[in-house]
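Peer 1: Fold the stuff below for me.
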Amino acid sequence: MSISAWHEEQSSAAKRGRPVFDHVIVELRVCDVGLISHKIDRCVRNLRDWASIGEVIDLGVDVRFAHDDLDITTRGGRLAADIQAGIAADYIRNLRDEVRKGIEGRLRQGLYPLPAPRGYVDRGSGQAKQPDPIIAPLIIAAFERYATGNYIYKSLPGELALLGLTNRYG
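Peer 2: Purely as a prediction, here's the structure:
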């Protein structure tokens, strides 16, 4: 047997709808190929993707995990793999909860936990965002101009660009 293709997913395994993973599943269903993945918990971290892997295994596709010495053709090996996939899914749910708690904690402290939005600058970890001395006055001017009623939404960006207010990308 030889390796016919190498696939690397760039999207998080925590979410459904990863393009490379979905492409591989389609290939496994229609081509006479197998799958070698590093580890179960690196390949799938949600139970829907594990169900997709399980479906191709049930179709007779040879699926192996290099780090996990499991024979998933046996009932016991498949059960062990199912458990590992369940643990990986739970790990992601727990991680999501911990991130939410961290964000909510920062918000309760009066701190914005993400990079500074347009018009503000970061002052470092644990510090409140500070208005950008150059951009913030332009944003205030944008709201003041719009509030006059003399501008429609589509004409205002051109006016603001003349003042020097553009988005992050120009």
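Peer 1: ok, now how distant is the residue located most distally from the centre of the chain from residue 61?
Peer 2: In the chain, the greatest distance from the average C-alpha position (Cα atoms, centre = their mean) is reached by residue 150, at 41.3 Å. Separation of residue 150 from residue 61 (Cβ to Cβ, to the nearest Å): 65 Å. Yep, even glycine has a C-beta here, placed from its N, CA and C like the rest.
Peer 1: go on, residue 130?
Peer 2: Taken as Cβ to Cβ, the span from residue 130 to residue 61 is 56 Å.
Peer 1: Can you give me every residue that contacts the residue farthest from the centre of the chain?
Peer 2: Taking Cβ atoms under 8 Å, 6 or more residues apart in numbering, we find residue 150 in contact with no residue.
Peer 1: Start and end of stretch 142-158, how far apart?
Peer 2: 11 Å (Cα to Cα, to the nearest Å).
Peer 1: I should have written stretch 39-59 there, sorry.
Peer 2: 21 Å.
Peer 1: List the contacts of that stretch.
Peer 2: In contact with stretch 39-59 (Cβ under 8 Å, 6+ apart) are residues 12-16, 18, 21, 25, 28-29, 35, 37, 63, 65-68, 70, 72, 78, 81-82, 84-89, 91-92.
Peer 1: quick revisit: am I right that the residue farthest from the centre of the chain is in a strand?
Peer 2: No: residue state for residue 150 (DSSP: H, G, I helix; E, B strand; the rest coil) corresponds to coil; a strand is not indicated.
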